[in-house]
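Trainee: need coordinates for the following:
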Amino acid sequence: MSNNKKNKKETHHIENQEFKEEKKQEENIKTEEVDDTKKENFEEKYNELNDKYLRLYSEYENYRKRTANEKVELMKTAAENTISALLPVLDDFERALPNMEKQEDKTNFEGMTLIFNKLKKTLEQKGLEEIKALGENFNTDEHEALTQISASDESQKDKVIDVIQKGYKLNGKVIRFARVVVGC
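Mentor: Below you'll find the model as predicted:
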């Protein structure tokens, strides 16, 4: 009997151990499942945050590039008002020089020519360029037609026959249209 009791105890002990092992395995499986779902949740959260970060970063890069381009554009046209204010002075010089050349005393003429050339060269260095008009095809992007006159021949149709006031561009942008007479 004692052997029988011993066997029963051992069997019971073995069954308990097997039961405990099965329970542990079930718990491990449940834990693995929970870990897998947690892992999936973490991956989803990571992907979501990473996507937000990448979008924010690209928005910042676009903002940085846009502001840099705006700064460059602003610097190009910053002097536009000042140069536009100087254009009538340039026009006055251009009208005065031919009249001074006709005078007998040429001392003032040479000084005025030097000043005119220096002013014109300085403005050109800042990006000012004269719009070519005389003899060119009429272009509404650069020319303003004040009047139209009948052309003496067919080759002068839609061409600039006379320039009333010169036009200018500053760094490729028209700041004053050329006022012209167009043949029709």
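Trainee: now do the SS call for the residue lying closest to Ser84 once chain neighbours are set aside.
Mentor: The shortest distance from Ser84 to any residue other than its chain neighbours is 5.4 Å, reached at Ile175 (C-beta to C-beta, 6 or more residues apart in numbering). To be clear about C-beta, it is placed using only N, CA and C from the backbone, and glycine gets the same treatment. Put simply, Ile175 is strand when judged by DSSP: H, G, I helix; E, B strand; the rest coil.
Trainee: mind listing what Ile175 touches?
Mentor: Contact analysis of Ile175 by C-beta atoms under 8 Å, 6 or more residues apart in numbering lists Glu80, Ile83, Ser84, Leu87, Tyr168, Lys169.
Trainee: in this protein, what helix or strand scores lowest on average pLDDT?
Mentor: Here the helix or strand of the chain ranked lowest by mean pLDDT, DSSP states H and E is helix 2-77, holding a mean of 77.
Trainee: buried stuff in whatever helix or strand comes next after that helix?
Mentor: Toward the C-terminus, helix 2-77 is succeeded by helix 80-102 as the next helix or strand (DSSP states H and E). Residues Glu80, Ile83, Leu86, Leu87, Leu90, Phe93, Met100 are the ones in helix 80-102 that count as buried (16 or more other C-beta atoms under 10 Å).
Trainee: contacting residues around the first one?
Mentor: Glu80 makes contact with Leu170, Lys173, Ile175, according to C-beta under 8 Å, 6+ apart.
Trainee: gap between the residue nearest the centre of the chain and Lys52?
Mentor: Centroid-nearest residue in the chain: Asn69, 4.2 Å away (criterion: C-alpha atoms, centre = their mean). With distances taken as C-beta to C-beta, to the nearest Å, Asn69 is found 26 Å from Lys52.
Trainee: kindly report the same for Ala133.
Mentor: As judged by C-beta to C-beta, Ala133 and Lys52 stand 56 Å apart.
Trainee: what do you get for Ser152?
Mentor: Ser152 is 71 Å from Lys52, where distance means C-beta to C-beta.
Trainee: with Lys20 instead?
Mentor: Between Lys20 and Lys52 the distance, using C-beta to C-beta, works out to 47 Å.
Trainee: same thing with Leu74?
Mentor: The span separating Leu74 from Lys52 equals 32 Å under the rule C-beta to C-beta.
Trainee: likewise Arg176?
Mentor: Distance of Arg176 to Lys52, given as C-beta to C-beta: 50 Å.
Trainee: give me the more crowded residue out of the two.
Mentor: Looking at Arg176 and Lys52 with other C-beta atoms under 10 Å, you find the greater number of neighbours at Arg176, namely 19 against 10.
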